[in-house]
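J.: The following comprises the amino acid sequence and a computationally predicted model.
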Amino acid sequence: MINDSIFLKALNKEKLSTPPIWYMRQAGRYMPEYRAVRKNFKNFLDMCKNPDVCCELAMQPIEAFNLDAAILFSDILTIPDAMGLGVKFLEGEGPVFDNPIKTNKDVINIPPFNPNDLDYVYKAVNNIRRALPSNIPLIGFAGSPWTLAAYSIEGRSSKNFNSTKDFIKNNEEESHIFLTKLTDACFLYLRKQVEAGANVLQIFDSWANLLNKEQYKKYSLHYIEILIQALKNDSVTKNIPVILFSRDPKCDPQFLVSTKADCLSLYWSMNNLNINSLNNKIALQGNLNPEVLLQSDELIQLEVNKILEKFKNFNGYIFNLGHGITPNIDPNKVKYLTNLVRSY
């Protein structure tokens with residue numbers, strides 16, 4: 001039964017002798033099984049629109065590493081794509097938008113989000129939930145409103161997102177209108193994932209690091225708080241744990257706690273947290289630097305032991321990476337890492 005899950009017990013801030021384990025981007029290009037499937041699709045998003053393939057990909061790391069949670073295989077840009085912004089993925093470039101937000105009129109003219117346009121995602125959720133053992137929870141997810149806005153305005157990935165920064169500076173009112181629309185869309189999208197079988201939800205604020213402290217509170221955290229509050233007040237999602245991952249935010253982590261997320265997923269550089277003050281208040285997840293997995297077994301063991309020792313008395317700790325597994329990592333290193341944590 002799902003209530004036997006040590007992952008859910010950790011999210012409920014229970015003390016566990018061995019922390020549960022899952023990894024961000026645990027299904028991905030580092031796995032040869034994944035690459036064998038990926039070569040059949042020219043466009044990454046086309047692969048995400050095939051529920052049977054998404055189920056197969058989500059199950060690959062569960063079967064390979066016997067992890068304690070599965071995560072939906074999809075992409076955070078499904079919402080902008082459903083809003084008519086025309087997302088495609090180009091080899092070597094990543095996501096590119098056919099119709100990015102360039103003017104304030106573009107914001108006003110965005111059609112209403114229809115969550116049923118993403119029916120393929122909910123079918124994937126349902127497929128994965130049925131394929132999983134009953135005691136392995138399934139994590140659904142969405143990008144944060146700010147992260148979705150940053151991609152949608154920039155029109156592609158970028159090192160500095162200068163177009164996005166200029167837009168919010170020159171179109172403050174329309175920026176907030178857009179963020180409100182995205183927040184509403186995220187709520188409807190996550191609600192549908194729960195209806196389809198998701199047991200946990202994660203919000204990925206992947207571009208938190210683009211904003212200074214005041215901007216982050218204004219353009220990102222504010223809308224994450226609204227989204228989490230909506231989830232907690234809804235009859236379908238009120239009992240579903242919510243994890244927040246904020247990538248290298250330029251603010252005190254205490255601001256992240258104030259969002260009322262059930263768990264913080266720590267970026268790999270977030271090591272100055274006073275975890276004693278957070279014990280029994282919020283669950284924590286993380287935060288091994290993925291690049292450590294490119295090093296020797298001895299160094300991996302040293303770094304893993306540091307983290308496990310740090311969190312050994314924390315009620316509600318989940319072992320994870322501080323960002324996603326990168327394509328250049330050997331799957332055997334992931335297996336070695338998993339065994340280290342299990343045997344600690």
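T.: Great, that's in hand.

J.: in this protein, which residue is closest to the centre?
T.: Phe204 (3.8 Å; C-alpha atoms, centre = their mean).

J.: So that residue: helix, strand or coil?
T.: What DSSP: H, G, I helix; E, B strand; the rest coil gives for Phe204 is strand.

J.: give me every residue that touches it.
T.: Applying C-beta atoms under 8 Å, 6 or more residues apart in numbering to Phe204 gives the contacts Ile76, Phe141, Ala142, Gly143, Ser144, Thr147, Phe245. The C-beta positions use only the backbone N, C-alpha and C, and glycine is treated the same way.

J.: how far out from the middle of the chain is the lowest-mean-pLDDT helix or strand in the chain?
T.: Here the helix or strand of the chain ranked lowest by mean pLDDT, DSSP states H and E is helix 253-257, holding a mean of 85. Taking C-alpha atoms, centre = their mean, to the nearest Å, one finds the center of helix 253-257 at 17 Å from the center of the full chain.

J.: Residues contacting that helix, please?
T.: 216-217, 221, 244, 246, 249, 264, 270, 272-273, 278, 281-282.

J.: The chain: strands as residue ranges?
T.: Ranges of strands within the chain are 70-71, 87-90, 94-97, 138-143, 200-205, 242-246, 263-265, 283-288, 317-321, based on DSSP state E.

J.: Pipe the ones you listed into CSV and attach mean pLDDT per row.
T.: Formatted as CSV, the strands of the chain follow (pLDDT from 0 to 100):
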stretch, mean pLDDT
strand 70-71, 98
strand 87-90, 90
strand 94-97, 92
strand 138-143, 98
strand 200-205, 98
strand 242-246, 97
strand 263-265, 97
strand 283-288, 95
strand 317-321, 98
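
J.: Which of those sits closest to Ser152?
T.: Nearest of the strands of the chain to Ser152, taken as C-beta to C-beta: strand 94-97 at 6.6 Å.

J.: Run the chain-centre distance for that closest one.
T.: Distance, stretch centre to chain centre, for strand 94-97: 18 Å (C-alpha atoms, centre = their mean).

J.: which secondary structure elements does that strand contact?
T.: strand 87-90, helix 145-154 (3 or more C-beta pairs under 8 Å, 6 or more residues apart in numbering; DSSP states H and E).

J.: Asp46: what's it in contact with?
T.: Counted by C-beta under 8 Å, 6+ apart, Asp46 has zero contacts.

J.: 10 Å - rerun?
T.: Asn40, Val53, Lys88, Phe89 (C-beta atoms under 10 Å, 6 or more residues apart in numbering).

J.: which residues does the last one form a beta bridge with?
T.: It stands for Phe89. On the basis of DSSP bridges, Phe89 is bridged to Pro95.

J.: Burial check on it, number of neighbours?
T.: Counted with other C-beta atoms under 10 Å, residues neighbouring Phe89 total 18.

J.: got the contact list for it?
T.: By C-beta under 10 Å, 6+ apart, the contact list for Phe89 reads Phe41, Lys42, Asn43, Phe44, Leu45, Asp46, Met47, Cys48, Asp75, Leu77, Pro95, Val96.

J.: pLDDT below threshold where in the stretch 51-200 of the chain?
T.: Across the stretch 51-200 of the chain, nothing is flagged by pLDDT under 70.

J.: was I right about Leu221 contacting Asp205?
T.: Yes: Leu221 lies in contact with Asp205 (C-beta atoms under 10 Å); the separation is 8.6 Å.

J.: Nearest residue to Ser175 in space, ignoring adjacent ones along the chain?
T.: Using C-beta to C-beta, 6 or more residues apart in numbering and skipping the chain neighbours, the partner closest in space to Ser175 is Ile168 (4.4 Å).

J.: contacting residues around the one you found?
T.: Ile168 is in contact with 146, 149-150, 153, 161, 174-176, 178-179, 210-211, 215, 218-219, counting by C-beta under 10 Å, 6+ apart.

J.: go on, Cys54?
T.: Neighbour list for Cys54: 27, 37, 47-48, 72-74, 120-121, 123-125, 127-128 [criterion: C-beta under 10 Å, 6+ apart].

J.: again, only using 8 Å
T.: Cys54 touches Met47, Cys48, Leu72, Phe73, Ser74, Ala124, Asn127, Ile128, counting by C-beta under 8 Å, 6+ apart.

J.: Could you give me the buried positions within stretch 166-180?
T.: Phe167, Ile168, Asn171, Glu174, Ser175, His176, Phe178, Leu179 (16 or more other C-beta atoms under 10 Å).

J.: actually stretch 208-219, sorry about that
T.: For stretch 208-219, by 16+ other C-beta under 10 Å, it's Ala208, Leu210, Leu211, Gln215, Tyr216, Lys217, Lys218, Tyr219.

J.: same thing with stretch 63-82?
T.: 64-65, 67-82.

J.: Can you measure across stretch 152-162, start residue to end residue?
T.: 13 Å (C-alpha to C-alpha, to the nearest Å).

J.: same deal with stretch 234-246?
T.: 24 Å.

J.: And the contacts of that stretch?
T.: 8, 11-12, 24, 139, 144, 187, 190-191, 194-195, 198-206, 208, 220, 224, 228, 231-232, 256, 259, 261-265, 267, 283, 285.

J.: mind listing the helices for the stretch 101-250 of the chain?
T.: 104-108, 119-131, 145-154, 162-170, 172-196, 213-216, 222-233 (DSSP state H, counting those that start in this stretch).
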